[in-house]
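Visitor: let's see this in three dimensions:
(one chain, ligands or ions: 1)
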Amino acid sequence: MQDRERWSTRTAFIFAAIGSAAGLGNAWRFPYMAAQNGGGAFLIPYFIALITAGIPLIITEFAIGHKFQAGAPIAFSRIKKGWESLGWLTITASFVIITYYSVIMAWVTDYLWYSLKAAWANAPKDFFFGKVLQISSGPGELGGFSIPVIIGLILAWGAIYWCIRNGVRSVGKVVKWTVPLPVIMLGILVIRALTLPGAIDGVNFYLNPDFSKLLEPKVWASAYGQVFFTLSLATGVMIAYASYLPKKSDITNNAFITVFANCGISFLAGFAVFGTMGYMAFTKGALVSEVAGNGGIGLAFWTYPEAISLLPFGSVIFSLVFFIMLFTLGIDSAFSLIESIVAGLVDKWGWNKKKVVRLTCLVGFIISLIYATKGGLYWLDIVDKYINNFGMVAIGLFEVIAIGWLYKSSKLRSYFNPISEIKLGRWYDVMIAVITPIVLGGILIWNIVQEII
Ligand code: PHE
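Guide: Next up, the predicted model:
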């Protein structure tokens with residue numbers, strides 16, 4: 001048996017965990033979610049979701065990985081015989097996510113190139129759907145491939161493979177760059193945005209709370225979905241990463257640092273995006289809600305580029321900064337998903353890790369080609385919705401049941417408390433065994449009912 005790989009330093013681990021958490025989910029998904037779900041009022045369910053699910057779960061996943069020294073499947077089989085399949089579910093979720101996450105990375109890669117000449121000219125929306133995605137009329141019609149997306153995919157997968165090829169050693173080196181760099185770039189974009197005329201209207205739109213939204217269950221479901229996605233939970237990623245920690249490692253403090261850094265990045269991204277939207281509304285004499293309303297995937301690929309082209313100077317520079325930021329934010333989230341899959345397979349079967357990395361990337365690339373078809377966007381939308389609303393919440397629910405009831409949260413707590421700087425009280429046990437399962441169960445049932453009616 002070979003010795004398990006180890007992070008070279010504590011910082012390498014923290015950076016890798018933040019790198020996985022902070023991704024495309026922070027820079028376009030979070031601002032858009034906030035805007036759609038009550039602006040500043042969204043922050044309330046978001047924080048409640050962090051406290052009742054996000055934070056307890058990330059601590060739990062770190063502790064599981066560290067204690068059982070394995071990727072998710074073997075780790076869960078060590079918690080309770082017969083629960084290995086829960087680990088495989090997390091690996092499946094990772095695989096499903098990476099196949100479409102890599103596609104968004106492919107678009108970002110394409111836009112690095114398009115930024116150089118502001119290729120979207122005066123019609124960024126038509127450019128995105130027509131020239132880049134070459135979209136067909138519905139999901140039933142796959143209608144051949146979009147060459148720009150395929151090229152983007154080859155480059156994105158090449159980059160993912162390159163970063164992860166030597167396991168945690170190469171990851172440790174990459175995240176030294178891919179964590180600070182996007183944060184600096186985000187800082188530049190925030191300053192630029194907030195010094196533009198009209199920015200304040202955008203920020204108002206972002207932060208002005210619409211409390212009536214708090215009565216809508218959909219807003220709460222979105223907040224929980226966002227928290228799972230943004231903290232890379234329920235995918236085995238945090239379990240795998242923590243399994244490479246040395247024996248003497250802090251669990252709770254590392255978890256809190258990861259959460260604060262990740263959520264800080266999301267919060268800042270909101271200022272960059274909405275400040276710029278405010279400026280666009282100002283130049284067009286429109287309302288911020290009119291220019292930002294179409295959000296989602298479009299926010300990064302056509303609304304934001306359009307706003308950037310309106311800048312008095314430096315459009316090329318700022319759109320490059322934006323897409324380099326997205327690329328560096330997303331790449332370490334992308335390869336963390338591969339690491340989770342590879343750790344699961346290697347720990348179970350003892351295969352050669354380098355070969356498994358190569359094979360996983362190859363299979364992932366081939367499957368991601370589905371989304372490079374002209375009907376790909378429809379599929380991406382559907383898969384993203386189901387994996388977030390059902391997959392991750394359900395897996396999270398099983399995880400807390402496994403720890404809270406079968407293994408006992410107090411037992412896990414007495415494992416991580418002595419090695420951690422911040423000691424958790426009994427609230428952790430109550431959270432994992434009672435509150436988190438009730439909340440996640442409720443969200444899941446609500447999502448299922450919504451689907452049926
Ligand atoms: N957390 C990443 C983001 O916000 C996405 C991700 C989800 C990465 C699940 C790994 C596991 O973009």
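Visitor: could you look up the SS state of Ala234?
Guide: Assigned with DSSP: H, G, I helix; E, B strand; the rest coil, Ala234 falls in the coil class.
Visitor: pretty sure it contacts Leu397?
Guide: No: contact criterion CB atoms under 8 Å: Ala234 and Leu397 do not qualify, at 9.2 Å. No exception for glycine: its C-beta is placed from N, CA and C like everyone else's.
Visitor: more crowded one of those two?
Guide: Ala234 (29 against 20; other CB atoms under 10 Å).
Visitor: can you tell me which residues contact that one?
Guide: Leu57, Thr90, Ala93, Phe228, Gly391, Met392, Val393, Ile395, Gly396, Glu399 (CB atoms under 8 Å, 6 or more residues apart in numbering).
Visitor: what's the burial count for Ile74?
Guide: Neighbours of Ile74 under the rule other CB under 10 Å: 20.
Visitor: and stretch 384-396 with the ligand, contact?
Guide: No: on the criterion CB under 6 Å from any ligand atom, stretch 384-396 is out of touch with the ligand, staying 7.8 Å away.
Visitor: so which bits of that stretch are buried?
Guide: Buried residues in stretch 384-396, counted by 16 or more other CB atoms under 10 Å: Asp384, Ile387, Asn388, Asn389, Phe390, Gly391, Met392, Val393, Ala394, Ile395, Gly396.
Visitor: show me which helix or strand of this protein is least confident by mean pLDDT.
Guide: None of the helices or strands of the chain scores lower by mean pLDDT, DSSP states H and E than helix 296-298, at a mean of 72.
Visitor: pLDDT of the next helix or strand after it, averaged?
Guide: Downstream of helix 296-298, the first helix or strand assigned by DSSP states H and E is helix 304-309. The average pLDDT within helix 304-309 is 90.
Visitor: buried stuff in the helix or strand that comes right after helix 304-309?
Guide: Heading C-terminal from helix 304-309, the first helix or strand you meet, by DSSP H and E, is helix 315-349. Within helix 315-349, the residues that count as buried by 16+ other CB under 10 Å are 315, 318-348.
Visitor: how far away is Ala292 from the ligand?
Guide: 20 Å (CB to the nearest ligand atom, to the nearest Å).
Visitor: nearest residue to that residue other than its sequence neighbours?
Guide: Closest residue in space to Ala292, ignoring its immediate chain neighbours: Met277 at 4.4 Å, by CB to CB, 6 or more residues apart in numbering.
Visitor: interface residues of the chain facing the ligand?
Guide: So far as CB under 6 Å from any ligand atom goes, the chain lies against the ligand at 20-21, 23-26, 97, 229-230, 232, 235, 237, 333, 336-337.
Visitor: 8 Å - rerun?
Guide: Selection of the chain residues close to the ligand by CB under 8 Å from any ligand atom yields 20-26, 29, 93-94, 97, 101, 228-235, 237, 262, 329-330, 333-334, 336-337, 340, 392.
Visitor: now the buried members of the residues you listed.
Guide: 20-26, 29, 93-94, 97, 101, 228-235, 237, 262, 329-330, 333-334, 336-337, 340, 392.
Visitor: now Ile147: how far from the ligand?
Guide: 26 Å.
Visitor: in this structure Thr90 contacts Leu233, no?
Guide: No: between Thr90 and Leu233 there is no contact under CB under 8 Å: 9.2 Å.
Visitor: I'd like the distance between the residue lying farthest from the centre of the chain and the ligand.
Guide: Residue farthest from the centre of the chain, counting by CA atoms, centre = their mean, is Gly285 at 34.2 Å. Gly285 sits 34 Å away from the ligand, going by CB to the nearest ligand atom.
Visitor: residues contacting the residue in the stretch 351-453 of the chain that the ligand sits nearest to?
Guide: Among the residues of the stretch 351-453 of the chain, Met392 lies closest to the ligand, at 7.8 Å counting by CB to the nearest ligand atom. Applying CB under 8 Å, 6+ apart, we find Met392 in contact with Ala93, Gly225, Phe228, Phe229, Leu233, Ala234, Thr235.
Visitor: how about 7 Å then?
Guide: Contacts for Met392 (CB atoms under 7 Å, 6 or more residues apart in numbering) come out as Ala93, Phe228, Phe229, Leu233, Ala234.
Visitor: just these now: which is nearest Pro45?
Guide: Phe228 (13.2 Å; CB to CB).
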